[in-house]
Structures are given as C-alpha cells and as structure tokens.
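Student: My questions concern the predicted model and sequence given below.
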Amino acid sequence: MTFLFVVLLFGATVNAQNDLLPLRLLQADISDGLSENIVIGLQEDHQGFIWAGTYDGLNKYDGYSFKIFRDKLMGVNNSSNTRFYDILCDFNGNLWITKDEGICLFDPLREMLLNEELKIPIGNIVDKSENEICLYSHEGQIYWIDKSYNITEDQSQLDLKALDYPQGIWIVDMVLQGKTAHFLTSNGDIISKEKDEDFQVNKHNKQYGRYFNKLKIDHEGTLWIASRNNGPVLNYHTRDKSFANITTEICGSNALPVYEIYHDHKFNAMWVGTKHKGLFKYAYDTKEWQCYNVAAPGKRALVPESVIVMI
C-alpha cells in the first residue's frame with residue numbers, strides 16, 4: 001500500500017476534468033523513510049510539520065524526509081505498542097495521539113510525553129473546540145480540559161446499557177461543538193451532552209447495521225456520519241435533531257466505504273475520501289457533489305482509487 005498525503009490547505013490548484021481541484025498529492029512509502037506503509041492518522045502542527053501515525057511508529061515529515069518516533073511514546077499505560085492512530089493538534093501546539101492503550105499527549109518541540117507531567121487521565125477518544133478539549137474513555141468517563149490543562153471529570157458517565165442499548169453497541173467517535181460533545185455509536189446514533197448535563201439520545205430508527213466509525217462536523221453544525229465498511233453516509237442536523245441519508249446524492253448507490261471526511265474551510269467544501277471509489281467533494285456554495293476518481297480521456301487520474309487520510 002502507498003502512503004498518500006492529500007493536502008487541501010496549502011496545496012497547488014490543478015485542473016481535473018475541466019474543474020479546479022485544490023489539492024496536492026505526495027506519495028511516499030518505506031523506501032522514502034516512512035516507518036510503515038499503512039498510515040492511519042495525519043496532522044499538521046503549528047510549525048508546519050506533518051505527523052503521520054502508522055502501525056509501526058509516529059512519523060514527522062518536514063517536506064524532505066521523515067523522522068520516526070517509537071520509544072518516546074511507549075510510556076502510556078505501560079505500553080510497548082508502536083501503533084499510532086488519530087492525531088489532534090491542540091491550541092497549545094501539543095499533539096494528542098491515539099494508541100490502543102490510550103491517548104498520548106506529546107510535546108513536538110521537546111519531543112516528550114506530557115501525560116505524567118500534566119496528570120492526563122487514560123482516554124480513548126479526544127476532540128477540541130476553541131477553548132476546551134473533551135476526552136472520553138471506553139469505560140464511560142468524560143473529562144473536560146481547558147487551555148491550561150486543568151482537568152474536570154464530568155459528573156455523568158456514558159453508560160450505554162443504562163441508555164437501553166444492547167450489548168455489542170459501543171462509542172466509536174466524538175466531535176466537540178462549542179460546549180456540547182456529540183458521541184457516535186457503532187450503529188449510527190448520536191448521543192449529545194454538555195458538561196454535567198443529561199445525555200440526549202438521538203436515534204435514526206433505521207437498520208443500518210453496527211459498523212459506523214467516522215464522525216465529523218461542518219460549519220453549519222451538521223454532523224457527517226460514515227463507515228469504512230461500505231455503509232451509508234448520514235447527515236445529522238443538530239439544529240432540528242434530524243437524520244438524512246445522503247449516500248445516493250454522493251455516488252448514486254446505497255453504500256460507500258469511507259476512509260476519511262475533511263472539512264475544507266478555505267474552499268468552503270467537504271471532502272470524502274473512500275476505499276476504491278476515489279475522492280468526492282461537496283461544494284456548499286452550489287450544493288453540488290463532484291467525483292474525482294476517473295481519469296480524463298488519455299490522462300491518468302489525479303487522485304488514487306483509495307484516499308485514506310487528508311489534511
């Protein structure tokens with residue numbers, strides 16, 4: 001598998017089938033210094049370096065070469081695991097990096113873990129708003145963390161059994177909207193709460209299965225829900241608490257295997273990266289979808305069939 005950067009924030013604009021495609025592609029694999037060919041998480045830090053999480057190490061890319069981190073990030077929960085997944089850069093420039101055993105808080109300037117120094121609790125899913133971080137653990141604890149890393153544990157635990165969910169349903173992702181945390185269940189429901197307030201369960205009442213794993217939010221307050229396991233793509237509108245299945249609008253079929261969703265503020269668009277289906281763009285100005293997965297006659301495709309990560 002080839003490692004793919006899809007850079008939407010500062011990439012050059014190229015022409016794709018008579019339409020401007022504002023992205024730059026950078027392909028690299030282990031022969032270029034990448035620690036492992038399977039890349040799961042991607043994030044740009046405040047200094048402009050790009051960090052890539054793989055199944056065998058964390059990679060720092062300066063535009064020319066990779067620096068690999070393994071040993072410096074093994075201290076969380078006595079872990080020796082070198083798998084690194086999602087990466088979040090917070091308001092102080094530090095990186096929250098997801099591992100199987102919990103989330104690492106890493107200072108990229110000093111190249112050191114901050115978990116023990118700042119007494120960061122063990123968590124599994126993290127997101128940030130302008131002034132706050134929300135950290136969730138699979139045991140149901142929810143922590144609110146401010147810019148000074150002061151930590152407050154929420155008075156309520158997220159207990160799916162207490163919310164009448166059957167065994168086999170779990171929390172798979174989370175986004176923070178102001179002071180409200182939205183949690184995605186594996187069957188596609190949204191559970192919302194503000195700090196120390198009651199949980200609000202929002203069910204779509206459809207039999208979509210139990211394979212959702214991707215949640216993003218756009219500037220309109222709409223949640224985008226998807227699955228890499230070839231399921232439907234849903235919108236959840238936080239204003240009126242309604243769901244909409246938008247899969248056929250995107251690709252003309254009832255299912256789409258989605259690796260990544262990216263909210264592009266610069267071009268006022270939402271990008272959907274898929275497995276073997278290429279790259280899709282939703283333009284908010286025109287409210288239209290466009291697909292970039294087929295090469296123009298006599299030309300090679302500008303994006304690959306599978307787009308795993310985007311920044």
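Tutor: That came through fine.

Student: neighbouring contacts of stretch 114-127?
Tutor: Stretch 114-127 has contacts (CB atoms under 8 Å, 6 or more residues apart in numbering) with 75-77, 88, 94, 96, 98, 101-107, 133-138, 141, 143, 145, 149, 151, 153, 171, 173-176, 181. All C-beta atoms are positioned from the backbone trio N, CA, C, and that covers glycine.

Student: Could you pull out the buried residues of that stretch?
Tutor: The neighbour-count check on stretch 114-127 (16 or more other CB atoms under 10 Å) flags 114, 115, 120, 122, 123, 124, 125, 126, 127 as buried.

Student: any chance of those in JSON lines, with pLDDT and secondary structure too?
Tutor: Formatted as JSON lines, the buried residues of stretch 114-127 follow (pLDDT from 0 to 100; DSSP: H, G, I helix; E, B strand; the rest coil):
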{"residue": "114", "pLDDT": "92", "secondary structure": "coil"}
{"residue": "115", "pLDDT": "90", "secondary structure": "helix"}
{"residue": "120", "pLDDT": "92", "secondary structure": "coil"}
{"residue": "122", "pLDDT": "89", "secondary structure": "coil"}
{"residue": "123", "pLDDT": "92", "secondary structure": "coil"}
{"residue": "124", "pLDDT": "93", "secondary structure": "coil"}
{"residue": "125", "pLDDT": "95", "secondary structure": "strand"}
{"residue": "126", "pLDDT": "96", "secondary structure": "strand"}
{"residue": "127", "pLDDT": "96", "secondary structure": "strand"}
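
Student: got any ranges where this structure has weak pLDDT?
Tutor: Along the chain, segments meeting pLDDT under 70 span 1-26, 72-80, 293-305.

Student: Where do the helices of it begin and end?
Tutor: For the chain, the helices defined by DSSP state H cover 115-118, 247-251.

Student: Residue 208 is nearest to which of those helices?
Tutor: helix 247-251 (10.3 Å; CB to CB).

Student: Tell me the one among the buried residues of stretch 114-127 nearest to residue 209.
Tutor: The nearest one, if we look at the buried residues of stretch 114-127 relative to residue 209 and count by CB to CB, is residue 125, at 20.7 Å.

Student: bridging residues for the closest one?
Tutor: As for beta bridges, residue 125 partners with residue 136 under DSSP bridges.

Student: Give me the neighbour count for residue 205.
Tutor: 6 (other CB atoms under 10 Å).

Student: Go ahead and build a ChimeraX selection from the buried members of the contacts of stretch 114-127.
Tutor: Taking 16+ other CB under 10 Å as the burial criterion, the selection of buried members of those in ChimeraX is written as:
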select :76,88,94,96,98,101,102,103,104,105,106,133,134,135,136,137,141,143,145,149,171,173,174,175,176,181
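
Student: Looking at the contacts of stretch 114-127, which are in strands?
Tutor: 88, 96, 98, 102-107, 133-136, 143, 145, 151, 153, 171, 173-176, 181 (DSSP state E).

Student: Now distance to residue 51 too, for the helices of the chain, in CSV please.
Tutor: Listed next are the helices of the chain as CSV, based on distance: least, CB to CB, whole Å:
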stretch, distance to residue 51
helix 115-118, 17
helix 247-251, 29
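
Student: To residue 232, which of those helices lies closest?
Tutor: helix 247-251 (4.6 Å).

Student: Name the residues of the closest one that come out as buried.
Tutor: 247, 250, 251.

Student: Now do the contacts for the second one.
Tutor: When you say that, I think you mean residue 250. 233, 256, 272, 280, 282, 289.

Student: What distance do you get for it to residue 118?
Tutor: Applying CB to CB, to the nearest Å, the value for residue 250 to residue 118 is 41 Å.

Student: what does residue 210 give?
Tutor: 35 Å.

Student: and what of residue 68?
Tutor: Taken as CB to CB, the span from residue 68 to residue 118 is 25 Å.

Student: now the end-to-end length of stretch 257-269.
Tutor: Start-to-end span of stretch 257-269 (CA to CA, to the nearest Å) is 20 Å.

Student: Which residues does it contact?
Tutor: 6, 8-9, 22, 214, 216-219, 224, 226-231, 233, 270-277, 281-285, 306-311.

Student: give me that answer again for 7 Å
Tutor: Stretch 257-269 is contacted from outside by 8-9, 22, 214, 216, 218, 224, 226-230, 233, 270-275, 277, 281-285, 306-310, using CB atoms under 7 Å, 6 or more residues apart in numbering.

Student: Fine by me, we can end here.
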